[in-house]
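Engineer: I would like the atomic coordinates for the input below:
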Amino acid sequence: RPILIIVDEILDYVGNGLDGAKKPELVAQDVAFLRALLDVVNDVPHVAMLVVMIASDRDKTALSAEGQARRDDLNSLLERNGLPATVTEVGDFADILRRRLFDAEPAAEVLAATGALYRRVLDDKSWTKNVWSLIGSEWRGRWDEEVAACYPFHPMLMAIAKEEWSKVTGFQRVRSTIRIFAATVYALQQRGKSGEWVPALIGPGDLPLSDSAVREALLGSGLVEDERTISNYRSLAEIEVVNNDGTAGTARRQDYERQALLWSADNPRAAERAATFVFLASIVGTLRPGRGRGASAPEVKAATSVPTISYTVTDADTVVEELLNPGRGMSAVEILPGQGHNKPARYFLSTRLTHRMLVNNIRRTITEVERDQVIAGFAQRLANSGPFRDLRFVQADLDRSPTDVLATAGLDTAHTTRLVVLDPAQYSLRNGMERPTIEALTVAIGLGKGTQQLPVQWASSAAYAVVNTQRRGLARTLAIEYLARQKALAAPEVQNDAELKATGTKELAGAKEQLEKALKRAYQHVAYLAQPDPDGQRYLDQLTFDDEHSTALDGTIVWKALAERDKVFDQGQFGAKALLHNMRDGDYGKTLSDIRAAFYSAPRLPLLYGGDRDLQQAIHDAAAAGLIDVVDGAGNVVVVTAPNQVNLASAGLRLAKPQPKTCETCGEAVHQGPCGNQTDGKTDTGTGSGGGFGSTGTGTGSETSATKCLTCGKPTHKGNCQTVQSVTEQQVSFSFTRSLLASPGDADNFASLFKTLYMALDERKISYLQGTLQLVLDTETAAELQQRLGELGIHGTTKDM
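Structural biologist: The predicted model follows:
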């Protein structure tokens with residue numbers, strides 16, 4: 001009768017097994033036995049022998065030199081005495097797996113129900129267009145047959161095992177797959193028994209890497225070539241996908257932290273399934289047979305699919321996007337950009353140090369303080385004053401309240417328009433978090449109540465640039481990205497690698513550009529003191545830039561926006577007529593210094609684009625046009641011949657409404673034609689009937705010529721006038737250098753001198769001051785003097801002696 005001899009796992013014995021026995025004599029005996037057995041099989045009829053071995057060119061099992069020699073000897077014997085044959089083909093692969101893993105075939109009704117369960121998703125137009133048609137899913141066309149052949153495994157997973165894994169050198173098609181699939185079935189079975197979610201069909205994203213048996217079966221299957229790479233991927237599985245107890249790992253955390261959605265119960269491990277497939281596609285090496293490197297975007301989405309329409313392609317996009325997010329996603333993933341719809345992006349988990357991996361590791365170490373400091377630095381660098389004379393930045397101090405920081409920032413500068421940029425770390429508006437900022441601004445502009453009321457004089461000439469709370473969040477995220485790339489580029493491992501350095505430089509430039517753009521957009525609000533109605537109440541007003549190209553960091557943009565609110569005059573808008581329009585009756589008679597101060601302190605008056613220069617020009621033009629008079633303390637009109645002669649610091653010169661012009665000849669109102677009482681210098685004797693200009697009745701006597709001396713008011717005379725015209729102001733200048741230590745008595749004299757100056761200033765008898773004083777005095781007095789100078793807007797220099 002026929003006899004079949006089967007020899008299996010022979011290399012476990014002939015290879016290293018004989019070395020372990022430590023009996024050299026057995027080697028010769030066993031090899032001699034195999035030679036004899038092969039000869040007998042060849043000679044005796046009706047006898048066949050089957051030897052099962054992995055091909056030597058695919059076997060990566062480490063053998064000793066002696067074991068390798070024995071295998072080569074055995075191979076030569078088998079090749080001489082037998083014929084090679086492939087044990088498994090693609091057609092019977094799934095059938096062999098099922099027979100080896102399960103006791104019985106699945107029921108027909110189970111197969112039919114399972115196939116029908118997936119039909120709606122497979123036929124969905126959106127899934128078809130964006131996923132199924134892009135992954136080469138031939139199994140989809142014969143879905144029911146594939147389900148019947150592969151159950152309980154998804155045809156997509158079976159296709160990967162048959163068509164890709166089996167072509168990797170070192171992977172044993174049946175043995176390795178059985179180990180992986182057996183461990184997977186058992187782990188998922190235990191999940192199901194404990195009431196956890198399990199898939200209807202086990203897909204390529206459903207191999208539970210949290211189970212050590214599954215993970216080690218994958219890594220030890222021959223898909224990964226060397227021990228170092230195996231160790232690296234073992235770490236990546238725990239860090240990036242899921243750890244041993246299923247409570248951590250980047251992807252698993254995302255599933256845990258995801259808010260409840262319509263599909264949450266149907267697909268609670270969506271991110272883990274996506275990450276698992278990326279892991280599977282990465283461990284096969286640089287290139288997947290027939291696929292390329294890593295997993296394509298449509299394949300990853302397919303791995304997350306479930307047989308319910310509540311989980312859409314859009315949901316899959318969101319899951320994958322979150323998984324790849326630079327800040328919250330997998331750090332070791334390399335993204336190969338796609339090119340259009342037909343060449344989608346690919347994702348690959350790399351075991352070597354990548355720039356992305358380094359950036360992600362550094363990102364986790366960045367503190368909020370570092371983040372806020374880089375934002376503050378960018379804000380100061382991006383800000384410009386524009387037409388504002390001064391640009392100020394208020395640094396955050398989180399140890400104090402926003403109100404205290406702003407109240408003590410020294411912002412109340414005299415005669416200066418100011419753009420004040422507030423640090424985003426402590427100040428923002430909108431999104432329900434603006435109350436501390438509003439309170440601080442209210443106090444800063446002098447509208448505080450009770451103990452919060454500050455003696456603020458120049459609040460009207462300040463505008464405050466403030467970030468939007470929501471947009472600040474985006475800027476903070478991008479600031480972390482910028483910092484991480486900045487630190488990564490400075491790392492020695494990057495500086496010493498030309499490729500990493502080039503990547504780091506490019507990414508840092510991009511991160512900087514994104515941060516600048518986001519920060520400009522974040523500064524969306526401007527706050528200022530307003531009083532549109534001169535008789536109304538003052539209040540804190542705001543304007544918001546809604547377009548993406550405007551920012552409160554740009555002084556020019558802010559100024560033009562305030563001009564639309566009539567808070568400021570734009571360039572060329574303020575002239576003589578505008579000056580008169582904004583003058584109230586009570587403003588006439590005020591000194592030039594008071595008028596000047598009003599344009600910086602009174603919110604009813606718009607701010608001037610050119611500041612003092614615009615005001616000087618307007619006063620000059622108004623006076624030249626006869627619309628207004630500049631008068632001295634005695635009420636005499638002062639002629640202004642040039643704008644720079646308008647001394648805005650004068651406390652003696654005032655603005656007055658223009659007086660009626662008189663004729664220089666007759667002293668009456670200016671008229672056309674000759675004066676009514678002109679006699680050409682001759683004496684007119686006799687009676688009159690009162691018909692002359694200005695007469696009231698009949699009279700007698702004589703009247704001299706109406707021509708009078710402009711100095712003394714008397715009739716014109718020969719020679720110089722003896723009457724001296726009164727002088728209302730004089731210029732006094734003096735200089736001195738004196739040591740008061742050598743002449744103690746001089747201290748009293750100088751005290752009297754300065755007391756005289758003090759009294760003159762106090763009584764508004766000095767209209768202009770110019771000079772430089774150099775004093776040597778004690779430290780306490782110097783500090784007090786500096787404070788007084790600051791109140792006057794004068795910059796003083798102090799140095800230690």
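
Engineer: how many neighbours does S733 have?
Structural biologist: 6 (other Cβ atoms under 10 Å). C-beta: built from backbone N, CA, C; applies to glycine.

Engineer: what strand or helix carries it?
Structural biologist: Using DSSP states H and E, S733 maps to neither a helix nor a strand.

Engineer: against T184, how distant is it?
Structural biologist: 100 Å (Cβ to Cβ, to the nearest Å).

Engineer: what are the boundaries of the strands in this protein?
Structural biologist: 3-7, 47-51, 295-296, 333-336, 346-349, 390-394, 418-422, 462-466, 525-530, 539-544, 629-631, 654-656, 684-688, 699-703 (DSSP state E).

Engineer: rounded mean pLDDT for stretch 107-117, please.
Structural biologist: Mean pLDDT, stretch 107-117: 94.

Engineer: give me the neighbour count for the closest residue to Q645 other than its chain neighbours.
Structural biologist: In space, Q645 comes closest to H620 once its chain neighbours are excluded; the distance is 7.6 Å by Cβ to Cβ, 6 or more residues apart in numbering. H620 has 19 neighbouring residues, counting by other Cβ under 10 Å.

Engineer: contacting residues for H620?
Structural biologist: Contacts for H620 were tallied using Cβ atoms under 8 Å, 6 or more residues apart in numbering; they are V640, A642, P643, Q645, V646.

Engineer: same question for L655.
Structural biologist: Neighbours of L655 in contact, by Cβ under 8 Å, 6+ apart: M583, D587, Y588, G589, K590, L592, I595, I619, I628, D629, V630, V631.

Engineer: tell me how far the most centrally placed residue in the chain lies from Y523.
Structural biologist: Centroid-nearest residue in the chain: A475, 2.0 Å away (criterion: Cα atoms, centre = their mean). Going from A475 to Y523 by Cβ to Cβ gives 9 Å.

Engineer: common neighbours of the two, please.
Structural biologist: Counting by Cβ under 8 Å, 6+ apart, the residues touching both A475 and Y523 are V467.

Engineer: ok, and what's touching the helix ranked longest in the chain?
Structural biologist: Longest helix in the chain, counting residues (DSSP state H): helix 498-522. Helix 498-522 is contacted from outside by 353, 355, 358-359, 375, 378-379, 382, 424, 467-468, 471-472, 474-475, 478-479, 481-482, 485-486, 488-489, 493-495, 548, 551, 553-554, using Cβ under 8 Å, 6+ apart.

Engineer: what's the average pLDDT for that helix?
Structural biologist: 94.

Engineer: same question, stretch 124-132
Structural biologist: Stretch 124-132 comes out at a mean pLDDT of 93.

Engineer: tell me the buried residues in that stretch?
Structural biologist: D124, W127, T128, N130, V131, W132 (16 or more other Cβ atoms under 10 Å).

Engineer: what of stretch 349-357?
Structural biologist: In stretch 349-357, counting by 16+ other Cβ under 10 Å, buried: L349, S350, T351, T354, H355, R356, M357.

Engineer: from L219, how far out is the third one?
Structural biologist: Pointing back at T351 there. Counting by Cβ to Cβ, the gap from T351 to L219 is 12 Å.

Engineer: residues that sit against both of the two, list them.
Structural biologist: The contact lists of T351 and L219 share Y233, where a contact means Cβ under 8 Å, 6+ apart.

Engineer: quick one: the strands of the chain as CSV, columns for distance to G246 and mean pLDDT too.
Structural biologist: As requested, those are exported to CSV (distance: least, Cβ to Cβ, whole Å; pLDDT from 0 to 100):
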stretch, distance to G246, mean pLDDT
strand 3-7, 42, 89
strand 47-51, 43, 89
strand 295-296, 22, 90
strand 333-336, 21, 87
strand 346-349, 19, 90
strand 390-394, 49, 96
strand 418-422, 47, 97
strand 462-466, 46, 97
strand 525-530, 46, 96
strand 539-544, 48, 95
strand 629-631, 87, 90
strand 654-656, 83, 91
strand 684-688, 124, 44
strand 699-703, 122, 43
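
Engineer: what's the closest of those strands to E368?
Structural biologist: Among the strands of the chain, strand 418-422 comes nearest to E368, with 17.7 Å by Cβ to Cβ.

Engineer: given the closest one, what are its sheet partners and their directions?
Structural biologist: strand 390-394 (parallel), strand 462-466 (parallel) (DSSP bridges).

Engineer: returning to what we had before: D412: which of the contacts of L655 is nearest?
Structural biologist: Once Cβ to Cβ is applied, the member of these that ends up nearest D412 is I595, at 19.7 Å.

Engineer: look up how far A530 lies from that closest one.
Structural biologist: 21 Å.

Engineer: tell me the contacts of G246?
Structural biologist: Contacts for G246 (Cβ under 8 Å, 6+ apart) come out as S210, R252.

Engineer: model confidence score at it, please.
Structural biologist: 88.

Engineer: for the one 5 residues further on, same thing?
Structural biologist: What the model reports as pLDDT for A251 is 94.
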